[in-house]
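J.: Sharing a sequence plus its predicted fold:
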Amino acid sequence: MIRYPAAAAPRPSRVWEGGWRKHGEAVRVLKADLNAAGIPFAEDEGRTVDFHALRHTYITNVVRGGANVKDAQTLARHSTVTLTIDRYAHAELRDLRNAVESLPTDTAAESCRRSAPTDAATLFAIAVPT
């Protein structure tokens, strides 16, 4: 791995330049986009949509879509895979069910069981060698 001196290190560009959060510009743009898409900014219970919630949803969907953890980390622009997966990717019951259902059905044990002898004489000969 090549290490650059701190001053010479290539720096990733910002996705959004400027003081969006400080000046409320991000909220204004988000509200306008949500309105244009017909999505309410706030629910009846008072919960609101924000950039942070969108990041959680985005990373969760990236992982659900089949991306490996390193790609999810890179897309989230996180410093560690642990941060991305432990904090931002959320598994629901359906995700866990899908993971289990995607396991191969032809496991080694199944293969062994199918090819194992079943008649008593052969089993006895294997169990009690002469």
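T.: That came in fine, so what should we check first?
J.: Show the low-confidence segments of the chain, by residue range.
T.: Of all residues in the chain, those with pLDDT under 70 make up the ranges 1-23, 106-130.
J.: same thing but 80
T.: Across the chain, residues meeting the criterion (pLDDT under 80) sit at 1-27, 50-51, 104-130.
J.: Got the phi and psi for Thr48?
T.: The main-chain torsion angles of Thr48 are listed as degrees, to the nearest 10 and equal phi -120, psi 160.
J.: For Glu43, which residues are in contact?
T.: Neighbouring residues of Glu43 by Cβ atoms under 8 Å, 6 or more residues apart in numbering: there are none. Any C-beta I mention is one placed from the backbone N, CA and C, and that applies to glycine too.
J.: Does Val62 touch Leu75 like I think?
T.: Yes. Under the criterion of Cβ atoms under 8 Å, Val62 makes contact with Leu75 at 5.8 Å.
J.: neighbour count winner among those two?
T.: In terms of neighbours (other Cβ atoms under 10 Å), Val62 is the more surrounded of Val62 and Leu75; the figures are 20 against 14.
J.: Which of the helices or strands spans that one?
T.: When secondary structure is defined using DSSP states H and E, the element that contains Val62 is helix 51-64.
J.: Now do whichever helix or strand comes after that helix against helix 51-64, angle only.
T.: Using DSSP H and E, the helix or strand that follows helix 51-64 in sequence is helix 69-76. Following axes from the mean of the first three to the mean of the last three Cα atoms, to 10 degrees, one obtains 150 degrees for the angle between helix 69-76 and helix 51-64.
J.: then helix 69-76 to PDB, C-alphas only?
T.: These are the backbone C-alpha positions of helix 69-76, laid out as PDB (Å, rounded to 0.1, in the frame of the first residue of the first chain):
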ATOM      1  CA  VAL A  69     -19.300  -4.900   2.700                       C
ATOM      2  CA  LYS A  70     -16.200  -3.200   1.200                       C
ATOM      3  CA  ASP A  71     -18.300  -1.700  -1.600                       C
ATOM      4  CA  ALA A  72     -21.000  -0.500   0.900                       C
ATOM      5  CA  GLN A  73     -18.200   1.100   3.000                       C
ATOM      6  CA  THR A  74     -16.800   2.900   0.000                       C
ATOM      7  CA  LEU A  75     -20.200   4.100  -1.200                       C
ATOM      8  CA  ALA A  76     -20.900   5.400   2.300                       C
END
